[in-house]
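Dropping the sequence and predicted coords here.
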Amino acid sequence: MSIAGGLPRAVARAVLHGCESLQIFTRSTGRWQARAFSPEEVAAFRHEAAGAGLFPIVSHASYLINVASADRVLRRRSLGALGDELDRAERLGLFGVVLHPGTGPEAAGLPRIAEAVATLLADGPADRARVLLEHTAGQGASLGWRFEHLARIIELAGGAPRIGVCLDTCHLLAAGYDLTTESGYRQTFDDFARIVGLGRLCLFHLNDSKRPPGSRVDRHEHIGRGYVGLPAFRRLLGDSRFAGLPMIIETAKSPGREGPRVQLDPLDEMNLATLRRLFASRAAERRASRP
């Protein structure tokens with residue numbers, strides 16, 4: 001949800017749409033400079049979030065951040081921006097910060113990511129917000145599109161307990177993980193459990209894909225209107241291993257909803273309603289199958 005009009009309005013938008021968890025950006029996605037939050041705005045956000053019972057609330061890191069870069073200037077700016085993202089998350093009481101691991105050559109890039117994350121977590125308080133490494137679609141030179149990449153970053157970071165993983169259904173499909181069949185779905189999460197570990201999984205992004213499996217292109221589509229398809233979401237929502245895990249949609253907003261007003265978004269309503277129907281139907285099936 002947007003923070004247009006102030007941080008508390010993101011909470012109000014989530015409540016209006018019946019959300020249980022929430023993701024926000026606390027910095028501009030396309031600028032290095034970030035607006036400072038006043039103590040009053042931070043206090044109001046925390047008060048509204050606690051009153052709404054939203055959990056978890058996470059932020060998504062700026063897309064400019066690339067801690068895998070070999071460019072000294074970009075890496076320095078990226079480290080500073082990611083540190084600021086974590087500081088903001090702590091002030092706001094957020095669970096964690098979702099981070100695209102970075103872009104660059106695998107051999108050098110993965111150690112750079114691990115070093116950056118481990119350093120920033122070690123420099124903060126013991127209860128510092130988590131870094132949630134997001135599995136990517138593998139577009140261009142993006143890292144993190146193979147489960148092995150995520151496992152290697154965590155290993156090189158010393159297995160820091162505050163490193164988690166966010167899986168995106170669009171990214172999984174685009175990276176070549178088959179969610180569209182029963183066998184492919186089973187193999188995907190068996191591989192994740194073996195390579196990374198289900199204990200690291202903290203969050204799902206539920207997005208359909210405009211591009212076909214293995215395309216390595218990150219283009220989100222509305223739920224059920226893309227190549228992921230409704231059966232895959234139905235499997236995921238009915239998977240007992242993921243019961244209670246937060247699931248966030250990042251689908252396109254309706255035109256004209258960018259301003260500070262708190263109002264229903266018809267496209268958000270459509271996507272949430274679709275997922276809620278799928279979840280309810282799987283729950284009903286499980287109840288009916290019990291002896």
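Cool, the structure landed.

Pull out the buried residues from the helix or strand where A116 lies.
In the assignment (DSSP states H and E), A116 maps to helix 106-123. Buried residues in helix 106-123, counted by 16 or more other Cβ atoms under 10 Å: 109-110, 112-114, 116-118, 120-121. Placement of C-beta: from N, CA and C, glycine included.

what's the answer for stretch 213-233, then?
Buried positions in stretch 213-233, judged by neighbour count with 16+ other Cβ under 10 Å: 213, 215-216, 218-229, 232-233.

from these, which ones fall inside strands?
Among those, the ones falling in strands (DSSP state E) are 220-221.

got the contact list for the helix holding A116?
Outside of helix 106-123, the residues within contact range by Cβ atoms under 8 Å, 6 or more residues apart in numbering are 67-70, 75, 78-79, 82-83, 86, 99, 101-104, 128, 131, 133, 143, 149, 152-158, 160, 162-163.

and the next element down the chain from that helix?
Per DSSP H and E, the first helix or strand lying C-terminal to helix 106-123 is strand 130-134.

Now that we have the contacts of helix 106-123, which of them are buried?
67-69, 75, 78-79, 82, 86, 99, 101-104, 128, 131, 133, 143, 149, 152-154, 156-157, 162-163.

In helices only, show me those residues.
Counted as lying in helices by DSSP state H, out of the buried ones among the contacts of helix 106-123, are 75, 78-79, 82, 86, 149, 152-154, 156.

Can I get the helix holding A116 in PDB, CA atoms only?
Output of helix 106-123 as PDB, limited to C-alpha atoms (Å, rounded to 0.1, in the frame of the first residue of the first chain):
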ATOM      1  CA  GLU A 106      27.700 -14.700  -9.700                       C
ATOM      2  CA  ALA A 107      31.300 -15.500  -8.500                       C
ATOM      3  CA  ALA A 108      32.000 -12.000  -7.100                       C
ATOM      4  CA  GLY A 109      28.400 -10.800  -6.600                       C
ATOM      5  CA  LEU A 110      27.200 -13.300  -4.100                       C
ATOM      6  CA  PRO A 111      30.000 -12.800  -1.600                       C
ATOM      7  CA  ARG A 112      29.500  -9.000  -1.900                       C
ATOM      8  CA  ILE A 113      25.800  -9.400  -1.000                       C
ATOM      9  CA  ALA A 114      26.600 -11.700   1.900                       C
ATOM     10  CA  GLU A 115      29.300  -9.300   3.300                       C
ATOM     11  CA  ALA A 116      26.900  -6.300   3.000                       C
ATOM     12  CA  VAL A 117      24.000  -8.000   4.700                       C
ATOM     13  CA  ALA A 118      26.100  -9.600   7.500                       C
ATOM     14  CA  THR A 119      27.900  -6.300   8.200                       C
ATOM     15  CA  LEU A 120      24.700  -4.300   8.400                       C
ATOM     16  CA  LEU A 121      22.900  -6.800  10.600                       C
ATOM     17  CA  ALA A 122      26.000  -7.100  12.900                       C
ATOM     18  CA  ASP A 123      26.200  -3.300  13.300                       C
END
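
How far does it sit from its chain's centre?
With Cα atoms, centre = their mean, to the nearest Å as the basis, helix 106-123 stands 19 Å off its chain's centre.

so for it, what's the average pLDDT?
Mean pLDDT, computed over helix 106-123, is 96.

Going along the chain, name the strands of this protein.
Assigned strands in the chain, in chain order: 22-24, 57-60, 96-99, 102-103, 130-134, 142-143, 163-168, 201-206, 208-209, 220-221, 247-249 (criterion: DSSP E).

Let's have those strands in CSV, adding mean pLDDT and distance to F37.
Shown next, in CSV, are the strands of the chain (pLDDT from 0 to 100; distance: least, Cβ to Cβ, whole Å):
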stretch, mean pLDDT, distance to F37
strand 22-24, 98, 12
strand 57-60, 98, 12
strand 96-99, 98, 15
strand 102-103, 98, 26
strand 130-134, 98, 20
strand 142-143, 98, 30
strand 163-168, 98, 24
strand 201-206, 98, 23
strand 208-209, 98, 33
strand 220-221, 98, 28
strand 247-249, 98, 22
